[in-house]
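J.: here are the coordinates; sequence isn't available:
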C-alpha cells in the first residue's frame, strides 16, 4: 500500500508548524529527551547542562483514534565525564501528559521512578522527607511556574562510568490539520549526544508506530520525516517500522493519517470492562468518533459571532499584540453572510458595534481598525458582564449563535458565571439553533482552566490554552479556523439497552470541519449492535446515521479517553463543589498515572524488584505505603510539585494584580537551577547529612524566563542573536 499524498502536505514543515523549543544552556536546546550533568561556573550563576552521549534508543508510538501513546527508552553513558548532578529533560507539548518516568542506573542497580498519589498523601511524604522540587509554603498551592513544554526531573549524583536506561511513557492528543490527525514529538538529538553523527542514527535507533483509526476502512497515511515500512495492513489498522537500511535525518518524528472524506463518517467502538480494574469500575467503555467531510463538499452554516476579548492590564505587551493579530485573522475567516461584533473588556466593556453587522469587507476593515485602537491593556477583569451582554445581543438572531471568549485571568464569581450560562442554554422551549454556543480560550497559567473548560462544555464549544505569548496567535487562529465551518449541530446518540450511561463531554459539542467530534462514555448492561447518531444540518433539516458498533480489540478505550474523562470530571467537581466526585477523580488519577489538581507526582528512589511489587499491588487495588519501598524511607521520596500538570484552578491574586504571564524564553527557561547542589535523594546522598533537604531548592527558581532581558543577556548566552530577538527594546 502506498501512502496517500495529503492536500497541501508536500514537505514536513507544511504538515506541522513546530513550536519554539526552549534553549536550556548556551548552544543546547531541548529538542529531544536527554540526561544531562549540571555544572556551574564563576562567570554565570546559571547552570551549564551537558547531555550524556546516546548509546541506543527505541521509540514506540501507538495512535488510537485521536490520541497517541508514546514510549521512549534510551541508554546514555557517563563514562567519559567527571560526573555531577543528574537531570532528566523531556521536551513536550503543553497538552502532553507524562504518566511514568523511570531512570535506571545499570551500574549501581538503583532506580528512580515517578508515582502519582493523592495530594494530601504527597504532602505527608514531603513533610517527612523535606524533599520538594519547586517548594512552596506548607499547605500552599501556588500556580505552578514551570514551563509547560518541559518535563524535568532532578535526580542523584552521576558518577563516571555510570550507565543509565531511561524509560518515559506519555500520551498526547493528535493535532488535526489539513484533514489529517498528526503526531509530532521532539526527536532531534543534540550533536553532543551523537558521537557518530546523524548519519548513524539508524544504527542507534528503532522506531515503531501503529495506527488504529477506529473506522474499518483503508488507512491513508504520511510520514514526511522517516521512511516507514508497513508490517501489518488491515482495515482501520496499520503497523509500521522505520526502515533502518536508509540514512535518517536527525529530526522530529512526524506522522499523520487522513480523516476528511466526502461525507460525515461516524464510528462507535465499544469495550468490555477492563478485567484488571473491574473491581474499581465494572462498567464498559465506548467511544463515538464523527469525522467531518472535506471543506469543498461542506454546506456552510451562516453564523452570528461575538468575539469577547480580555484587555485587562495583565495582557500588556506581547499577549495583547498576538491576540489582536489572531482576532483580525479570525474576522477574515467569516463569510460575508455571517453577522458579528466584538466586545473588549477589563472591569468595563466597550463594543465595536452595539448590533450585529454583516461581515462585509468594509465592516471587517472597520473592526480591524477598531481593534488596533481600542484593544489596549488596562484595568481589571470582569467576565460575567460581557458574557451577559453577548448573550442578550444574540437573542432573536436568525443564525446559529457563537461566542468566543478570550481571557488570561481568574475572577471571584466563576461558579456564578457557569451557573448563569447553564440556565441560559437550558431555557425551556428554546430552539436548539438559538442556544448560544460558547468556546473559550485561556492565556497563561493564572486562568482557572477548569472553569473555562466547563463553560465550553456547557456551551457545546471548544477550549484551548496558550501558555506562552509567542504561541497565542497560532493557537487562537487554529481554534477560530476550526470553528469557522460548522457541519452539524444538536448532535445526539440514540441507543437501546445500556444503563447507567455517562457521556464525556455532555452535552455533545457541534461538529466542525476543522474539529472532528470525539465523545467517550461508560455504560452498564448490553450495548446494542447498532446506534443512531442524529443532528441538524445547516438548512435546519434533521440528519441521522445508523452506526454499527465495533468491538475495539486493538484500542484500549479506557486509556484513550481517561484524560478527557478526568478533565470533564474535575471541571464538574469544581463547579458543583462535589467531594464525592473529587474522590472519583483522585482514584482514576492514581490508577492511570495522570496528575490532576487533586493529586501530585512523586519521585522515588527504589529497586527494580520493589517497583514491580508496587505496580502489582496497585493493579490489585491494594494500598501501598511508599516509604516501605523507598531507599532510606521517607528520605528517598521527593515531591515534584506541579510536574506534568499544566492546567489549574487559577490564581485570582495574580489576576487582580495584573501579573503578566511568564515568557519562557531562551536560555533561562531553566533559570537559576542548583543554587546549592545536593548529591541526590535518599540512599545516594552518601552520608552527606542534611543535604537531602536541599533538593527542595534545586529547582526552586526553575523556568523564571529571561526576567529583565538586557541585564540577563550576557549571562544567558553572550551575543546570541536568537536571545536578542526575545528582547523588548
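T.: Arrived safely. Please read these numbers as outputs of a predicted model, since none were measured by experiment. Numbering: from 1, shown residues only.

J.: Could you report the separation of residue 115 from residue 281?
T.: Distance from residue 115 to residue 281, counting by C-beta to C-beta, to the nearest Å: 21 Å. From N, CA and C alone the C-beta is placed, and that goes for glycine too.

J.: Tell me which of those two has more neighbours.
T.: Ranked by neighbour count (other C-beta atoms under 10 Å), residue 115 and residue 281 place residue 115 first, with 26 against 16.

J.: contacting residues around that one?
T.: Residues near residue 115 by C-beta atoms under 8 Å, 6 or more residues apart in numbering: 601, 602, 604, 614, 626.

J.: could you redo the last one with a cut-off of 6 Å?
T.: Going by C-beta atoms under 6 Å, 6 or more residues apart in numbering, residue 115 touches 602, 604.

J.: who does the helix or strand containing it pair up with?
T.: Here residue 115, judged by DSSP states H and E, is contained in strand 110-118. Looking at strand 110-118 with DSSP bridges, its partner strands are strand 97-105 (antiparallel), strand 599-606 (antiparallel).

J.: buried ones in the helix or strand following the last one?
T.: For strand 599-606, the following helix or strand on the C-terminal side (DSSP H and E) is helix 608-619. Of all the residues in helix 608-619, those buried under the rule 16 or more other C-beta atoms under 10 Å are 610, 611, 614, 618.

J.: on contacts alone, who are the packing partners of helix 608-619?
T.: strand 110-118 (3 or more C-beta pairs under 6 Å, 6 or more residues apart in numbering; DSSP states H and E).

J.: For whatever helix or strand comes next after the strand it packs on, buried residues please.
T.: Next helix or strand after strand 110-118 toward the C-terminus (DSSP H and E): helix 119-129. Residues of helix 119-129 classed as buried by neighbour count (16+ other C-beta under 10 Å): 119, 121, 122, 123, 125, 126, 129.

J.: same thing with stretch 550-564?
T.: Within stretch 550-564, the residues that count as buried by 16+ other C-beta under 10 Å are 550, 552, 555, 556, 557, 558, 559, 560, 561, 562, 563, 564.

J.: doesn't the first one fall inside a helix?
T.: Translated: residue 550. No: Residue 550 is assigned strand when assessed by DSSP: H, G, I helix; E, B strand; the rest coil, not a helix.

J.: Surely it touches residue 269?
T.: Yes: taking contacts as C-beta atoms under 6 Å, residue 550 lies within contact range of residue 269: 5.3 Å.

J.: Max pairwise distance over the buried residues of helix 608-619: which two?
T.: Greatest spatial distance in these: 610 and 618, 12.6 Å, computed using C-beta to C-beta.

J.: Does residue 231 touch residue 239 like I think?
T.: Yes: using C-beta under 6 Å, residue 231 is in contact with residue 239, at 4.6 Å.

J.: Looking at those two, which one has more neighbours?
T.: Neighbour count, other C-beta under 10 Å: between residue 231 and residue 239, residue 239 has more, with 18 against 11.

J.: ok, residue 648 to residue 609 distance?
T.: 36 Å.

J.: And residue 470, by the same measure?
T.: Counting by C-beta to C-beta, the separation of residue 470 from residue 609 is 46 Å.

J.: again with residue 514
T.: According to C-beta to C-beta, residue 514 and residue 609 sit 50 Å apart.

J.: so who does the residue nearest in space to the middle of the chain touch?
T.: Centroid-nearest residue in the chain: residue 95, 0.7 Å away (criterion: C-alpha atoms, centre = their mean). For residue 95, the contact set (C-beta under 6 Å, 6+ apart) comprises 172, 173.

J.: What confidence value was assigned to it?
T.: Residue 95 is assigned a pLDDT of 88 by the prediction.
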